[in-house]
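Asker: my questions are about this predicted structure, shown below with the sequence.
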Amino acid sequence: MSTTDAQRTQMKDGKGFVAALDQSGGSTPKALSLYGVEPSDYSGDAEMFKAMHDMRARIILADDFTSDKVIGAILFERTMDDTINGKPVADLLWDDRGVVPFLKIDKGLEDEANGVQLLKPMPDLDALLKRAKAAGIFGTKERSVIHGANAEGIASAVAQQFAVAKSVCDAGLVPIIEPEVNIHSDSKAECETILKAELEKHLSALPENEIVMLKLTLPEVSGHYASLADHPNVLRVVALSGGYSTDVACTRLSQNPKMIASFSRALTEGLNVRMSDKEFNAALGKNITKIYNASIA
């Protein structure tokens, strides 16, 4: 079985969840602050990204960060281009940890219009996808955000996601389509109804060889996206924590048996740069086990 086939099998049938380690420039200071590294602790972007890489490396090398519970991990572009213990990160993830590597490819969000934030233009997408494939990346992730139940806006967000997904599939990678619904939206349930219909419409138009994953906000109605998980073109449906606490996110996830977690902030909750390796591994291990249990519920 080829590496790609083995990775595809793991993403389709593996028990566990996808770790989101892809905080980018805008969200890095907040993520570092939660980890106990304040802006006064670094000077300039290079030092900030070095601190973030050190945190990610510590997570990836932790005792419980293996395919026993973590089946995939989403990386930031700088992380893909970097090394851990002298080994390219994607290679280390798969070879040493048994974890399937993904890459965040979006360049952030446009300003809100029609109740949504679309993806910013990605002029260098084809070159990035070629580089990702060469680096051993299995798939990609691209995030847009839905704030209100505007049918036209949601339709445009989903159409844009599937247009990007086609380029990703053409490059031999598996796209994670992520039209996040803001958990604070006062029309969240209605957004999710419109979103599901749009996703179904686009999925039904996919050719047999274009396989995608979906990353969706934990829904108001349990099991809302279950039928999408059964679609022949969908490899897996993963859930984002979206600002919910780890406990709330895990409770909601356990009520959606056809979704597994792809958490970022919930994964790193309670971790601190000043912890000893033993304390760090214990705290992260507790989070991993909690998220794993909710993912297999």
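Answerer: Thanks, I have the structure now. Residues are numbered from 1 along each chain as shown.

Asker: could you use CA atoms for every contact and neighbour count after this?
Answerer: OK.

Asker: state the mean pLDDT of stretch 3-20.
Answerer: Stretch 3-20 shows a mean pLDDT of 96.

Asker: mind checking the SS state of Thr140?
Answerer: strand (DSSP: H, G, I helix; E, B strand; the rest coil).

Asker: show me the beta-bridge partners of it.
Answerer: Leu103, Pro175 (DSSP bridges).

Asker: list the contacts of it.
Answerer: Shown in contact with Thr140 (C-alpha atoms under 8 Å, 6 or more residues apart in numbering): 74, 102-105, 168, 173-176.

Asker: nearest to Ser245, of those residues?
Answerer: The nearest member of those to Ser245, counting by C-alpha to C-alpha, is Ile74 at 19.9 Å.

Asker: please report phi then psi for the closest one.
Answerer: Dihedral angles phi and psi of Ile74 (degrees, to the nearest 10) take the values phi -100, psi 130.

Asker: and what of the one 10 residues further on?
Answerer: Main-chain dihedrals, Ile84, degrees, to the nearest 10: phi -130, psi 120.

Asker: tell me the pLDDT of the closest residue to it other than its chain neighbours.
Answerer: Distances taken as C-alpha to C-alpha, 6 or more residues apart in numbering place Ala57 nearest to Ile84, at 6.3 Å, with adjacent residues excluded. Note on Ala57: pLDDT of 97.

Asker: repeat that for Gly25.
Answerer: Reported pLDDT for Gly25: 65.

Asker: so what's Pro121 up against?
Answerer: Neighbours of Pro121 in contact, by C-alpha under 8 Å, 6+ apart: Lys107.

Asker: for the remainder of this discussion, apply numbering that starts at 89.
Answerer: Taking 89 as the first residue, the last one we looked at is Pro209.

Asker: quick one: it is in a helix?
Answerer: No: counting by three-state DSSP, Pro209 is located in no helix; its state is coil.

Asker: ok, it to Asp129 distance?
Answerer: To Asp129, Pro209 is 33 Å away according to C-alpha to C-alpha, to the nearest Å.

Asker: so which helix or strand takes in Ser232?
Answerer: strand 227-234 (DSSP states H and E).

Asker: try Ala108
Answerer: In this assignment (DSSP H and E), Ala108 forms part of strand 105-109.

Asker: what does that strand rub up against?
Answerer: Residues contacting strand 105-109 (C-alpha under 8 Å, 6+ apart): 144, 157-164, 326, 348-352, 355, 379-380, 383.
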